[in-house]
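Q: Whatever this is, show me its structure:
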Amino acid sequence: MKRPLSIFLSLVLYALFFQACGAQSQLIADEVETVNVEKLRYYLYFPPDYETDKDKEFGLLLFLHGGGDAGDSLSRIKSSGPPKLIADGKQFPFLILAPQHPHEKQWWNTRSVMQLLDTIVAHNRVDKKRIYLTGLSRGGSAAWELAVHYPKKFAAMAVVCGMAPTPYAKWIDKEMPIWVFHGEEDRSIPISESEEMVARLQKLGHPVQFTRYPGVGHNSWVRAYNTDGLYDWFAAQKRKDEDTKPKK
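A: Below you'll find the model as predicted:
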């Protein structure tokens, strides 16, 4: 009689065990409100006539640096791109916003970048139809991400050696001119990233131009941001009013 009883007790224990497991594996619907707080230090450049021409609205170029300039030393972002040119004495016809990514081994938090951009635009005389975007390396990747997530925000974009979200190219606004730069010998982010993205954009009918640098590695930003006409090209772009676009 002991053997059947032990079998019975074992079956009961197994049943209770599987019942408990089943209860734990039930799909529960719930929600939690998250808050993301990030401190972004930045440089903000004003063109020479900003203070003298009080009635004028100016364009603004958002510049996102590469991973090597991330951290807690703001002066590091003067090593490349428009901030370096400004430090060397170059003047621009628009404002330039250059935030510093505080995390050396994380991607840019593009939502935080957009909050900063919107704050700067709200508190300065910025023409909202002439907001431009550029970035290099990790910042170039973030620029692509911003173009995908906020397709109606920017009037033009220049990306230098950034990783590209090619499958989402169709989310980018077809009205926005794009200029892509990349070194053919880039070993960090291969030129194929830009080649595939440019090909996809061109197939979709986007106004995109591609500058390749033979023999140049990952630091293609040195030549890209010294390109004759790049900043005149930016300044010539302006978003069209949605109301004035012809209806299909």
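
Q: shaky segments in this structure?
A: Applying pLDDT under 70 to the chain flags the ranges 1-24, 241-248.

Q: Strands of that one, start to end?
A: 41-45, 58-64, 95-100, 126-136, 156-160, 178-183, 208-213 (DSSP state E).

Q: Out of those, which one sits most buried?
A: strand 156-160 (a mean of 28; mean count of other CB atoms under 10 Å). From N, CA and C alone the C-beta is placed, and that goes for glycine too.

Q: Just checking: what are the partner strands of it?
A: Paired strands of strand 156-160, with direction, are strand 126-136 (parallel), strand 178-183 (parallel) (DSSP bridges).

Q: Let me see the contact set for the residue nearest to residue 159 when sequence neighbours are not counted.
A: Closest residue in space to residue 159, ignoring its immediate chain neighbours: residue 140 at 4.5 Å, by CB to CB, 6 or more residues apart in numbering. With contact set as CB atoms under 8 Å, 6 or more residues apart in numbering, residue 140 has these partners: 64, 66, 159, 160, 161, 162, 163.

Q: So residue 168 is in contact with residue 147, correct?
A: No. Look at residue 168 against residue 147 with CB atoms under 8 Å: they stay out of range, at 9.3 Å.

Q: which of the two has more neighbours?
A: residue 147 (23 against 15; other CB atoms under 10 Å).

Q: about what we covered before: any idea how far residue 51 is from the residue nearest to residue 159?
A: 32 Å (CB to CB, to the nearest Å).

Q: and if you look at residue 93?
A: From residue 93 over to residue 51 (counting by CB to CB), the distance is 14 Å.

Q: of the two, who's got more company?
A: Remark: of residue 93 and residue 51, residue 93 carries more neighbours, 14 against 8, as counted by other CB under 10 Å.

Q: Please name the nearest non-neighbouring residue to the residue nearest the centre of the chain.
A: Centroid-nearest residue in the chain: residue 142, 2.3 Å away (criterion: CA atoms, centre = their mean). Distance criterion CB to CB, 6+ apart; nearest residue to residue 142, sequence neighbours excluded, is residue 108 at 3.7 Å.

Q: quick one: contacts for that neighbour?
A: Applying CB under 8 Å, 6+ apart, the residues near residue 108 are 64, 101, 138, 139, 141, 142, 145.

Q: Residue 69 now?
A: Residue 69 neighbours (CB under 8 Å, 6+ apart): 76, 77, 79, 80, 100, 101.

Q: By neighbour count, which of those wins?
A: Counting neighbours by other CB under 10 Å, residue 77 leads those with 28 neighbours.
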